[in-house]
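Engineer: could you work out the structure for the sequence below:
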Amino acid sequence: MFTIAGSIGRFAITTNDILPANTNQAVAIIRIKKEFSPYYLLCLLKMRETMSQLLGNVVEAVQANLSLASIRNLSIIIPDESGIKLFDSVLDPIFQKNISNNSQIQTISVLRDTLLPKLMKGEVRVKGFN
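Structural biologist: Here you go, the predicted structure:
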């Protein structure tokens, strides 16, 4: 997904655990036709040169926006199969670790939000602390 209105240029890779999902007119869904890593596309779209090319097509109106045609007309370099495999072998573990870390952060945040009020009220005690 790619934001095309308001805060233009924010990206996210959707995973199956949040689908089906709804979007609005401020978000473009980019579907990959060929079999290659969505992480490659994410990195490509985040490159300064790509962002400059896209932001050069922003229309300033009441709210800045980028047309879907600008995204469709974006020239991107797609490496051959060996290049994609090399990219995946190096960066896929990093992205997977990031996904795992974000999941753990969400779990810990829920625990914090549940336990902190109970600790403050004295409903829960922690051994070793007086």
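Engineer: all helices of the protein, in order?
Structural biologist: Secondary structure of the chain by DSSP state H: the helices cover 38-46, 48-55, 68-72, 81-121.
Engineer: if you count neighbours, what's buried in the second one?
Structural biologist: Translated: helix 48-55. Going by neighbour count (16 or more other CB atoms under 10 Å), the buried part of helix 48-55 is 50, 54. In short, each C-beta sits where N, CA and C put it, glycine included.
Engineer: who are the packing partners of it?
Structural biologist: Contacts defined by 3 or more CB pairs under 8 Å, 6 or more residues apart in numbering; DSSP states H and E place helix 48-55 against helix 38-46.
Engineer: please apply the same query to the last one.
Structural biologist: Using 3+ CB pairs under 8 Å, 6+ apart as the contact criterion, the neighbours of helix 81-121 among helices and strands are helix 38-46.
Engineer: pull the residues that contact the helix it packs on.
Structural biologist: Applying CB atoms under 8 Å, 6 or more residues apart in numbering, the external contacts of helix 38-46 come out as 2, 11, 13, 30, 32, 50-51, 54, 76-77, 79, 84, 87-88, 91-92, 95.
Engineer: just the buried ones from those?
Structural biologist: Among those, those classed as buried by 16+ other CB under 10 Å are 2, 30, 50, 54, 84, 87, 95.
Engineer: quick check, nearest of the residues you listed to residue 122?
Structural biologist: residue 95 (42.6 Å; CB to CB).
Engineer: and residue 18, how close does it get to residue 86?
Structural biologist: 29 Å (CB to CB, to the nearest Å).
Engineer: more neighbours: which of these two?
Structural biologist: Legend: neighbour count by other CB atoms under 10 Å for residue 18 and residue 86, higher for residue 86 (12 against 8).
Engineer: mind listing what's buried in stretch 11-28?
Structural biologist: Using 16+ other CB under 10 Å as the test for burial, stretch 11-28 gives 27-28.
Engineer: for the protein, which spans come out with low pLDDT?
Structural biologist: 34, 57-63, 129-130 (pLDDT under 70).
Engineer: coming back round to it: deepest of the helices of the chain, which one?
Structural biologist: Among the helices of the chain, helix 38-46 has the highest mean neighbour count (mean count of other CB atoms under 10 Å), at a mean of 16.
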